[in-house]
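Participant: fold the following for me, if possible:
(one chain, ligands or ions: 1)
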Amino acid sequence: MMDLNGVTALVTGAGSGMGAATAKALAKRGARVAIVDLNLESAQQTADSINGLALGADVSSGESVEVALQQVVNELGAPRVVVSCAGIAAASRIVGREGPHELDLYQRVINVNLVGTFNVLRLTAERMSALDPVSDSGARGVIVNTASVAAYDGQIGQAAYSSSKGGVVALTLPAARELARFGIRVMTVAPGLIATPMLLDMPDEVQQSLAGQVPFPQRFGAPEEYADLVLHIVDNEMLNGEVIRFDGAIRLQPK
Ligand code: NAP
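Facilitator: Below is the predicted model of the structure:
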């Protein structure tokens, strides 16, 4: 088990949902947590509950993340634990009633979900690589990304979202292989249906129908269960270069 007391952790998208739950779980273990979100107000809410550091940043912007990371380094030190939860969902058909899928929308989803994940990984890995190792094996830290089961069984209307999450899945192994020489592990979680604002804002009947598609347990996952998995990944040094489905065995239907 990694001793997280006083260790700096950085979580993106931590103003809401799985990111917020993960920031809280890391703080409970003694980590000093930087909470990064596009929405500074929601980041501040999470930060207030755990005495963390709130930062407003757009993960898809190189400059924005560099500025935020520099502040984290100045105030808390370079992070040894990084969790990317920032993401957006979008639904649009490739050929719809209104015409073809908007190229702008496709690019925006790729930019936030895939480019944003890579941007955070590249900048935090550089800082992490300069830290001293903390274990006999030479471990310096761990980066956990968030994909989705839509990377594997994307539904109709999820061309952009699935493409972006498929990219995160494909990034995992080459990043883990390359960063191994620094003792930095890279893992990805691919959640199924998790009870965050994104799903809970849907009508009740849609929620019930979706939850009914999960073989077992027949319910949405809780953000805290995602956070538990992230903490296990942080603690278990043999987990590296892999994507873990976190989904109650759901396989999404075409629609
Ligand atoms: P959420 O509650 O909507 O949280 C996502 C957070 O990311 C929001 O606070 C959002 O801020 C922030 N964000 C969006 N764009 C950003 C940007 N460019 N830079 C920085 N922050 C940004 O969603 P969640 O359900 O916890 O999702 C976490 C991750 O899990 C996402 O990558 C999502 O795709 C993935 N996922 C979710 C589910 C699910 O069922 N919930 C399933 C599979 C995968 P704003 O509120 O200001 O937009």
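Participant: can you pull out the helices in the stretch 51-200 of the chain?
Facilitator: Applying DSSP state H, counting those that start in this stretch to the stretch 51-200 of the chain gives helices spanning 62-76, 103-109, 116-129, 159-179, 197-200.
Participant: I'd say residue 85 and residue 15 touch.
Facilitator: No. Residue 85 is not in contact with residue 15 according to Cβ atoms under 8 Å; the separation is 9.6 Å. For glycine as for every other residue, the C-beta is placed from the backbone atoms N, C-alpha and C.
Participant: for residue 180, which non-adjacent residue is spatially closest?
Facilitator: Distances taken as Cβ to Cβ, 6 or more residues apart in numbering put residue 240 closest to residue 180, at 7.5 Å, once the chain neighbours are dropped.
Participant: next one: residue 131
Facilitator: residue 140 (5.2 Å).
Participant: and that neighbour, what does it touch?
Facilitator: With contact set as Cβ atoms under 8 Å, 6 or more residues apart in numbering, residue 140 has these partners: 80, 128-129, 131-134, 182-184.
Participant: so which of the residues you listed is the closest to residue 160?
Facilitator: residue 184 (29.4 Å; Cβ to Cβ).
Participant: let me know the pLDDT of the closest one.
Facilitator: The model reports residue 184 with a pLDDT of 98.
Participant: and if you look at residue 166?
Facilitator: Taking residue 166 on its own, its pLDDT is 98.
Participant: my read: it touches residue 148, true?
Facilitator: No. In this structure, residue 166 is not within contact of residue 148 by Cβ under 8 Å, at 9.2 Å.
Participant: what does the chain put close to the ligand?
Facilitator: 12-13, 15-19, 37-39, 42, 58-60, 85-89, 112, 116, 146, 148, 191, 193-194, 196-199 (Cβ under 6 Å from any ligand atom).
Participant: center of this structure, which residue is that?
Facilitator: By Cα atoms, centre = their mean, the chain has its centre lying nearest to residue 85, at 2.6 Å.
Participant: for that residue, give its distance to residue 161.
Facilitator: According to Cβ to Cβ, to the nearest Å, residue 85 and residue 161 sit 15 Å apart.
Participant: assign residue 226 to helix, strand or coil.
Facilitator: helix (DSSP: H, G, I helix; E, B strand; the rest coil).
Participant: show me the contacts for the closest residue to it other than its chain neighbours.
Facilitator: Using Cβ to Cβ, 6+ apart and skipping residues adjacent in sequence, the residue nearest residue 226 is residue 18, 4.5 Å away. The contact partners of residue 18, taken as Cβ under 8 Å, 6+ apart, are 85, 146, 191, 194, 196, 223, 226-227.
Participant: repeat that with 6 Å
Facilitator: Contact partners of residue 18, counting by Cβ atoms under 6 Å, 6 or more residues apart in numbering, are 85, 223, 226.
Participant: hmm, residue 21 and the first one touching each other?
Facilitator: Okay, so that is residue 85. No. Counting by Cβ atoms under 6 Å, residue 85 stays clear of residue 21, with 9.1 Å between them.
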